[in-house]
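Colleague: Quick check, what structure comes out for this input:
(one chain, ligands or ions: 1)
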Amino acid sequence: MEESFKALEFVDGKLKLIDQRVLPTQLTYVYASTSEEVAFAISDMIVRGAPAIGGAAGYGIYLAAKESDGNWDLFRKKCDIVGFSRPTAVNLMWAVDRMKRIAEDSGLDPDAMLAEADRIVEEDRSMNKLIGKIGSAVIRPGATVLTHCNTGALATCGWGTALGVIKTAYEQGKVRHVYADETRPRFQGARLTAWELVDAGIPSTLIPDSAAATLIRAGKIDCVILGADRITTDGDVANKLGTFPLSVICRTYGVPFYSVAPTTTIDFSMKEGKDIPIEERDRDEVIRPGGVLVAPANIDVFNPSFDVTPHQNITGIITEKGIIYPPFDVNIAKLKDQQKA
Ligand code: MRU
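Modeller: Numbering: from 1, shown residues only. Next up is the predicted model:
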């Protein structure tokens, strides 16, 4: 099966994006035709999810090259605007760096850069499919799976990562039921994952984030499968806020806990999770969900968008190159060596 929509697509010189801010009540598109518009689309979360952000950034840098017309200083400034549009997902910096290398090799040739941006998207699509096949092996027949945030076609350039694994395992007849955390405060689980699960016809139930512990303790969840925004060489994983507490509950009750990501989400330059920059977002996301004030307007708010799960809590990291198991530091180093070879 293929995904029935594309989160991003480059059409007639513009980046066409599903506006993920307004799903599921509206399915509308936003067209970004400048590098600054791409940067805004990323920071405002019109497009979100680590691999989709990387894909969008590729086109942002292509547009930056066109706009700079051979002016390298201007090009670098524009690259920074795109590259700093969100801080946690390493796929963003990875895509910007990859595009900058092509800019240097080609002398800012827009054709070469557009081809590279297309390649980033195509590669992500193929990695997604491989991840689905590889990851579905960890799901036992009749399994009930819990997931967090959104890691499906909306979050990537293709089929999805963690939700891709779940969809593939469902097609294989192995998934009995999926529980989706609503994922406060931006509700990616309620608005996006639930939309994708309904679209795919997968039996599923939406839960408040805090209900996961009750289900896990009751033995109702066979495994938790979710995404990653940055994985360090020790195997620590930054992912959507709420991932870390889920991992603690899974460890307490012996439930397998898998993080799923393409190897483009591994930051080979960072050893420990404590060094991952964690984005803090606007207070209104917490006190005004959907534009409705639900707290005193002058209350202090702490709104980290991600948390870090220590590798000790992770059963395995599913990638397109295979499943990485502990010891993560050793096995991630091996993967790095394979990539160099
Ligand atoms: O803030 P978001 O919606 O971009 O956060 C997304 C996540 O945390 C996902 O789990 C992660 O990016 C993996 S998407 C395949």
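Colleague: Please name the residues that touch the residue in the stretch 151-300 of the chain that the ligand sits nearest to.
Modeller: Of all residues in the stretch 151-300 of the chain, the one sitting closest to the ligand is residue 227 (2.8 Å; CB to the nearest ligand atom). For glycine as for every other residue, the C-beta is placed from the backbone atoms N, C-alpha and C. Taking CB atoms under 8 Å, 6 or more residues apart in numbering as the criterion, residue 227 is in contact with 49-50, 149, 151, 155, 161-162, 239-240, 259-261.
Colleague: Now, those that are in helices?
Modeller: Taking DSSP state H as the definition of helices, the contacts of residue 227 contribute 50, 162.
Colleague: ok, which stretches of the stretch 1-150 of the chain are strands?
Modeller: In the stretch 1-150 of the chain, the strands defined using DSSP state E, counting those that start in this stretch lie at 8-11, 14-18, 29-32, 143-147.
Colleague: Okay, buried residues for the third one please.
Modeller: Residues of strand 29-32 classed as buried by neighbour count (16 or more other CB atoms under 10 Å): 30, 32.
Colleague: before we move on, what about the first one?
Modeller: The neighbour-count criterion (16+ other CB under 10 Å) identifies 8-10 as the buried residues of strand 8-11.
Colleague: next one: stretch 303-323
Modeller: Result for stretch 303-323 [16+ other CB under 10 Å]: buried residues 303, 305-311, 313-321, 323.
Colleague: one step back: need the strands of the stretch 1-150 of the chain in CSV with mean pLDDT and distance to the ligand, can you?
Modeller: Shown next, in CSV, are the strands of the stretch 1-150 of the chain (pLDDT from 0 to 100; distance: least, CB to the nearest ligand atom, whole Å):
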stretch, mean pLDDT, distance to the ligand
strand 8-11, 98, 13
strand 14-18, 98, 13
strand 29-32, 98, 16
strand 143-147, 98, 9
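Colleague: need those in TSV with distance to residue 207, can you?
Modeller: Listed next are the strands of the stretch 1-150 of the chain as TSV, based on distance: least, CB to CB, whole Å:
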stretch	distance to residue 207
strand 8-11	29
strand 14-18	25
strand 29-32	30
strand 143-147	8
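Colleague: follow-up on the earlier one: mind listing what the closest residue to the residue of the stretch 151-300 of the chain closest to the ligand other than its chain neighbours touches?
Modeller: Leaving aside its chain neighbours, residue 227 sits nearest to residue 151 (3.8 Å; criterion: CB to CB, 6 or more residues apart in numbering). Contacts for residue 151 (CB under 8 Å, 6+ apart) come out as 49, 160-164, 193, 226-227, 260.
Colleague: how about the residues of the stretch 1-150 of the chain that lie near the ligand?
Modeller: 48-51, 89, 149 (CB under 6 Å from any ligand atom).
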